[in-house]
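**Student:** please find the sequence and the predicted model below.
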Amino acid sequence: MLKVPDHQVAGHHARDGKLGPLIDDSGRFYKPLQGDERGSKEVAFYTSFSSNARIPDHIRRFFPIFYGTQLLEASDGSGLHPHLVLQDVVSGCHNPCIIDVKIGSRTWYLQASEDYIQRSLKKDRETTTLSLGFRISGLQIYDSKESGFWRPEKKLVLGFTADDVRVVLRKFVSSNSPTDSDSELDCSFASAVYGGSTGILAQLLELKAWFEDQTIFHFFSCSILIMYDKEAILKGMSSGAEIKLIDFAHVVEGEGVIDHNFLGGLCSLIKMISEILTSPDENPNITCLQDYEKNHSYLENGTTE
Ligand SMILES: O=P(O)(O)O[C@@H]1[C@@H](OP(=O)(O)O)[C@H](OP(=O)(O)O)[C@H](O)[C@H](OP(=O)(O)O)[C@H]1OP(=O)(O)O
Ligand SMILES: Nc1ncnc2c1ncn2[C@@H]1O[C@H](COP(=O)(O)OP(=O)(O)O)[C@@H](O)[C@H]1O
């Protein structure tokens, strides 16, 4: 039985009669092919990546498994539509905390249409893409059984300053309620999630080592999903912290050149996460995030009032 994922944090949603991804109970994520060349480009990427013998297994695990394409009833009621059949990378988690981080100081590329370049340039300038080399596209942080998740709306997320991004990456690993902007963030899960030999930082460093060498693909407008299970930590189990790369509608051939755009953004994200691990007590200034929180209360479904 196909359903709309409640763990999707960014991108096109299958809500309000729109075309968007679906999931099933067997752990698969069905992403509808976008009508223009984006759909076919993403299929071409997954096909090429899956069969490329030069991708080491320890890097392959950072990508969703690709099961081909399938015609399915589209979420917008328009009838049969081709979908990418992917591993649902969140399916093992009960109450997953997730951040979608779009990597790179530019999301546009020379081969793209003029319209896409102009729209991307505007978003890159207005977000932390240009200043930090990455931006947060969406997130959800599990609060408690009673309050559910904090899912800030898209407008707030795209307005994050660099300091807000620092705060969010700290909130993500704190035991404080994510909607409480008054108390100091404790970062008490930082070592369990970001640290350790298998934590997020170690995984990002492994990915970086590959990006220092690989010249096969250039990953524009692609995201790293950072995920973990807060409840598991509270129960004394493993955090299940993982990174996965997603969204390959704008991947182009590397033609023997290092993907400096992705690599630079990745280094910047690594630096910010390393700083949280080394200085968990340093609370940065909060700008738009705090002002916004003071004026809005969050509802369980992630919307605001
Ligand atoms: O339409 P929007 O404004 O929601 O933009 C989408 C982006 O949302 P954003 O505003 O950056 O959070 C969206 O970004 P996220 O996946 O949300 O990070 C994509 O960039 C999407 O384009 P594409 O499917 O990758 O070609 C973008 O869709 P298109 O505008 O390119 O159709
Ligand atoms: N394979 C996957 N498994 C689980 N969730 C996914 C997967 N791929 C994408 N998502 C979720 O869907 C969101 C949008 O995905 P994305 O591929 O960026 O779509 P779009 O092309 O519409 O921007 C991500 O932020 C993430 O929450």
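**Tutor:** All right, it came through fine. Numbers count the residues shown, from 1 in each chain. Ligands and ions are numbered 1, 2, ... in the order given.

**Student:** burial measure for I270, as a count.
**Tutor:** 16 (other Cβ atoms under 10 Å). Heads up, the C-betas are built off the backbone N, CA and C, glycines and all.

**Student:** setting the sequence-adjacent residues aside, check what's closest to it.
**Tutor:** Computed as Cβ to Cβ, 6 or more residues apart in numbering, the closest residue to I270 that is not its neighbour in sequence is L204, at 5.1 Å.

**Student:** also I117?
**Tutor:** W108 (4.4 Å).

**Student:** before we move on, the earlier item: quick check: buried residues in the host helix or strand of the residue nearest to I270?
**Tutor:** Assigned by DSSP states H and E, L204 belongs to helix 200-211. Neighbour counts over helix 200-211 (16 or more other Cβ atoms under 10 Å) mark 200-201, 203-204, 206-207, 211 as buried.

**Student:** over to stretch 78-85?
**Tutor:** 81-85.

**Student:** need the contact list for the residue positioned nearest the centre of the chain.
**Tutor:** By Cα atoms, centre = their mean, the chain has its centre lying nearest to D100, at 1.8 Å. For D100, the contact set (Cβ atoms under 8 Å, 6 or more residues apart in numbering) comprises 9-11, 136-139, 223-225, 246.

**Student:** so can I have CSV of those showing distance to ligand 2?
**Tutor:** As requested, these are arranged in CSV below (distance: Cβ to the nearest ligand atom, whole Å):
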residue, distance to ligand 2
V9, 4
A10, 4
G11, 3
I136, 10
S137, 6
G138, 5
L139, 9
S223, 6
I224, 10
L225, 6
I246, 4
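
**Student:** among the residues you listed, which are in reach of ligand 1?
**Tutor:** 10-11, 137-138, 223 (Cβ under 6 Å from any ligand atom).

**Student:** which of the residues you listed are buried, as a PyMOL select command?
**Tutor:** Of those, the buried ones go into a single PyMOL selection, burial set by 16+ other Cβ under 10 Å:
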select buried, resi 10+137+138+223
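
**Student:** show me the ones next to ligand 1 among the contacts of D100 that map onto strands.
**Tutor:** Counting by DSSP state E, these place 137-138, 223 in strands.

**Student:** and the residues you listed, which is closest to F63?
**Tutor:** F63 lies nearest to S223 out of those, by Cβ to Cβ, at 11.9 Å.

**Student:** re earlier: now for the helix or strand just after the helix holding L204, which elements pack on it?
**Tutor:** With elements assigned by DSSP H and E, the helix or strand that comes after helix 200-211 is strand 217-219. Secondary-structure packing of strand 217-219 (3 or more Cβ pairs under 8 Å, 6 or more residues apart in numbering; DSSP states H and E): strand 251-253, helix 260-278.

**Student:** format these as TSV; extra columns: distance to A112 and mean pLDDT.
**Tutor:** What follows is those, written out as TSV (distance: least, Cβ to Cβ, whole Å; pLDDT from 0 to 100):
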stretch	distance to A112	mean pLDDT
strand 251-253	9	97
helix 260-278	13	98
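
**Student:** can you put those in TSV and add distance to H58?
**Tutor:** Conversion of the helices and strands packed on strand 217-219 to TSV gives the following (distance: least, Cβ to Cβ, whole Å):
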stretch	distance to H58
strand 251-253	20
helix 260-278	16
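
**Student:** and S113, how many residues sit next to it?
**Tutor:** S113: 11 surrounding residues under other Cβ under 10 Å.

**Student:** now it: how far from L207?
**Tutor:** Separation of S113 from L207 (Cβ to Cβ, to the nearest Å) stands at 29 Å.

**Student:** what residues are up against the residue with the largest distance to the centre of the chain?
**Tutor:** Distance from the centre of the chain peaks at G79, with 29.0 Å (Cα atoms, centre = their mean). G79 is in contact with E73, counting by Cβ under 8 Å, 6+ apart.

**Student:** would you say S183 is within a helix?
**Tutor:** No: S183: not assigned to a helix; according to DSSP: H, G, I helix; E, B strand; the rest coil it is coil.

**Student:** so it touches K171, yeah?
**Tutor:** No: here S183 does not reach K171: they are 11.3 Å apart, not a contact under Cβ atoms under 8 Å.

**Student:** which one of the two is surrounded by more residues?
**Tutor:** Comparing S183 with K171 by other Cβ under 10 Å, the one with more neighbours is K171, at 23 against 10.

**Student:** excluding residues flanking it in the chain, which one is nearest the more buried one?
**Tutor:** Using Cβ to Cβ, 6+ apart, the closest residue to K171 is P178 (5.1 Å).

**Student:** three-state assignment of the one you found?
**Tutor:** Assigned with three-state DSSP, P178 falls in the coil class.

**Student:** so how many other residues sit close to it?
**Tutor:** For P178, the tally of surrounding residues (other Cβ under 10 Å) stands at 23.
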